[in-house]
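Asker: Sequence plus the predicted model coming up.
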Amino acid sequence: MIFMKRSNLLLVFVLIIQSITLLAQDTTCVDLLPVEIRAERSFTPSKVSLSRSHFLSSPASFDDPSRLLMKYPGFSVSNDQNNAIIYDGLPSHYSTWSLYGAQIANPNHLSNAGTVNDKISRSAGGVNIFSGQVIGGLDYHTGIDGPAHGIGGVADMSLRSPYQNSITANLSLIGLEAGIDRVFDEGNSSLLANYRYSTVGLLGQMGVDFGGDKITYQDVLAEYKTKWRDQEIIVTCAYGKSSNNFERQLLQSDSSATFKEIQDIELYAQNIATALSISGFNHRLTLAYSSRDENRESRYMWDDESEFTSSQLTENILSLYGYKTWETDKIDYKISLNANQYSYDIFDVNSRYFDSILNDFSKFIFFDNAFLELRPRVTLGWNINENQILSIGSSAFIQSYNNNAYLLPFISYTGKINSYNTSLIIQNDRQSVSPELLGMSGFDGVTSFGNSSMNSINSWAFKLDVNKSKYGFMLFCNLLFDTPFSPTSGISGLSELGQLPIQPLGSIEDAITFGSKVYAGFDINSYKIYVNYTFMENLLDYDFNHSIPLDFTTMFNFKLDKSMTLSDEKSLRVTTSFHFRNGYQRMLINEDESRLIHQTIYGQYDFSRLNNYHRIDLRISYIKKGKWKNVFSLDIQNVMNRQNDAYYYFDPLKDEIVLQKQLGLIPILSWRVII
């Protein structure tokens, strides 16, 4: 799906329509689609909460709830092909993933999707291994009330709870799925299991050409829940496996060839995530282990010289998250702990054979021992009156890699001022420098280099939110200290550090991002309408004469939702959305260095932007009642097939700079049935 050409999309669309027509004959169903929570009530300054209904009804979800975040103020993604989360101008690798509060490794298939040089990324990918058919909710924490292991935010996932015995099946362009729901012990225990195989992988095996890419992914998930006394015990296991291979299409001498078409590319990856979570009405304790292994290799012939590139990543995370609360008439107490042990093995090499002499352009990192990060937190909530709460407290940040230890205070106020709901948050936080940067060494073709041990990134966040039930505005500011930048200085340079090949650091500087957001949600007759607008800016070293543009500085969203009851047995829901942002920050390309190592190497900014980005998405869901539970949906990303700009890159074979476009129109017709 990620790399399809539009001509192949139409073929896939027809095949799926034919498949659904055959499978759906003589079936009946009952109402399945739940009512969506009002969008304007699903986010606060500290958290965005997506329920299952959001990604069953919102357009362009691709069964991936994180893609829906771009409908909310302050969120966007760098490329249509992946689910990288950019929040308030902070790059995607400043965000982390968790399961019931405990951190897990990047839970995505095809992490190279949409990246320059087609390389592995830190926190994003094309498809989440946790299918939208099994996720019950996603809370994106940006404040002090959730797990804390990312200053950009934490995407915390939870799975849905089975409520009856059933067999489920889902057919769409994303994947072919089958699952079971089982309820035991008079509803006190349940089992959820689901298996998915990529539709494009199956169609590729049947001979459908997706531009030369052979993309496959599959995942299996099981979760068992039970109640023991007053405790809920959850055991979750997930496994994903993916590959994206490309066979050489043309020879170097072919005048129409691109650099990719003369390569043999292999990408293999697997993901594991397991968790044990125990919770009650005032506490939770989650222990999780996760790992990610990725290997991308490319081989090609260049002027009769054999060349080889390889990027390898092994990541392991053992994570503990827990909290407990106590309530009194005036003061609420909460203690929590995040404890994470990390280990990494990362290697990136670009090798050439010249007259039997091997020349390596290598960058690598290794840890002799895993390093530990602890984040204890204490919070006191003072109930001033029934409408006002003042919370104060502090976290601690302790890291064994370079023996950092810091206290991180915070304060928040929520209440009503002249009938307006008001929230104010001032928060200090820290995050480890991207692990692949610590202790990195290598040879860039000219000199040896290495990054010395660095301090953790220090962040102060300020957020003010004032709202009534249907509209509101927010002001925000992020102060960043000891921040590593790539050789291209500026906030946007942070984004380049989120993927391999590993870049040597250009500098460690202070920066600030700040901006405002306005939002509104209201009903007109039977239509639900939601709009929001975000403006952001940044300064380097807090110097108004040294402002380097963010990836995006202006974003606008519009969403229209309409539900219709056609009869007692039939209903229809139509949702459309519009997303606008200004063009991606343009960077100059160092052509000489890019030509030397056959990879795109960016230089300085030229202070211009690509063309403005905008797209319209549409989702139509048809629900029919009967013996079986069925929902038919048509989900279309980019209805107008607008060719938005993605980025410029250097093609060594063409020896020129080329503009890469975003994805065009993608229709996904799906059928979900519960027996």
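Answerer: Cool, the structure landed.

Asker: And stretch 302-319, what's buried?
Answerer: Buried residues in stretch 302-319, counted by 16 or more other CB atoms under 10 Å: 307, 309-313, 315-319. C-beta here means a position set from N, CA and C on the backbone, and glycine is covered the same way.

Asker: low-confidence ranges in the stretch 551-675 of the chain?
Answerer: Scanning the stretch 551-675 of the chain for pLDDT under 70 picks out 604-607.

Asker: can you pull out the strands in it?
Answerer: Counting by DSSP state E, counting those that start in this stretch, one finds strands in the stretch 551-675 of the chain at the ranges 554-565, 570-581, 585-589, 602-609, 613-624, 629-637, 645-651, 656-661, 666-674.

Asker: Tell me which of these sits nearest to Arg196.
Answerer: strand 666-674 (12.3 Å; CB to CB).

Asker: re the thing from before, let me have the strands of the stretch 551-675 of the chain in CSV, extended by mean neighbour count and distance to Leu390.
Answerer: Below are those laid out as CSV (neighbours: other CB atoms under 10 Å; distance: least, CB to CB, whole Å):
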stretch, mean neighbour count, distance to Leu390
strand 554-565, 17, 32
strand 570-581, 18, 36
strand 585-589, 20, 39
strand 602-609, 15, 42
strand 613-624, 20, 41
strand 629-637, 21, 44
strand 645-651, 19, 46
strand 656-661, 12, 50
strand 666-674, 21, 46
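
Asker: so which of the buried residues of stretch 302-319 comes closest to Gln427?
Answerer: Ser319 (21.3 Å).

Asker: Double-check that that closest one belongs to a strand.
Answerer: Yes - in this structure, Ser319 lies within a strand as judged by DSSP: H, G, I helix; E, B strand; the rest coil.

Asker: That one bridge partners, please.
Answerer: Ala288, Asn340 (DSSP bridges).

Asker: what's the answer for the one 4 residues further on, then?
Answerer: When bridges are assigned using DSSP bridges, the partners listed for Tyr323 are Arg284, Ser336.

Asker: so who does it touch?
Answerer: Counting by CB atoms under 8 Å, 6 or more residues apart in numbering, Tyr323 touches 101, 283-284, 334-337.

Asker: pLDDT weak spots in the stretch 351-500 of the chain?
Answerer: Applying pLDDT under 70 to the stretch 351-500 of the chain picks out residues 351-369, 433-455, 484-500.

Asker: one more time with 80
Answerer: 351-371, 401-404, 432-456, 482-500 (pLDDT under 80).

Asker: quick one on the thing from earlier: in strands, which of the buried residues of stretch 302-319 fall?
Answerer: If you go by DSSP state E, those have 307, 309-313, 315-319 in strands.

Asker: Name the member of the contacts of Tyr323 with the most neighbours.
Answerer: Neighbour counts for the contacts of Tyr323 peak at Gly101, which has 29 neighbours (criterion: other CB atoms under 10 Å).

Asker: gap between it and Asp139?
Answerer: Distance of Gly101 to Asp139, given as CB to CB, to the nearest Å: 9 Å.

Asker: same check, this time on Asn106
Answerer: Using CB to CB, one obtains 18 Å as the distance from Asn106 to Asp139.

Asker: Show me which of these two is the more surrounded one.
Answerer: Counting neighbours by other CB under 10 Å for Asn106 and for Asp139 shows that Asn106 has the greater number, 24 against 20.

Asker: Is that one located within a helix, as I assumed?
Answerer: No - Asn106 sits outside any helix when classified using three-state DSSP, being coil.

Asker: about what we covered before: how about the ones in strands among the buried residues of stretch 302-319 in TSV, adding distance to Tyr471 and pLDDT?
Answerer: Output for those, formatted as TSV (distance: CB to CB, whole Å; pLDDT from 0 to 100):
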residue	distance to Tyr471	pLDDT
Glu307	57	79
Thr309	52	81
Ser310	53	81
Ser311	47	81
Gln312	50	83
Leu313	45	83
Glu315	43	87
Asn316	46	91
Ile317	40	92
Leu318	44	94
Ser319	39	95
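
Asker: Which single one of the residues you listed is nearest to Gly393?
Answerer: Closest to Gly393, out of all of these and judged by CB to CB, is Ser319, at 21.6 Å.

Asker: list the contacts for that closest one?
Answerer: By CB under 8 Å, 6+ apart, the contact list for Ser319 reads 98, 102-104, 286-290, 338-341.
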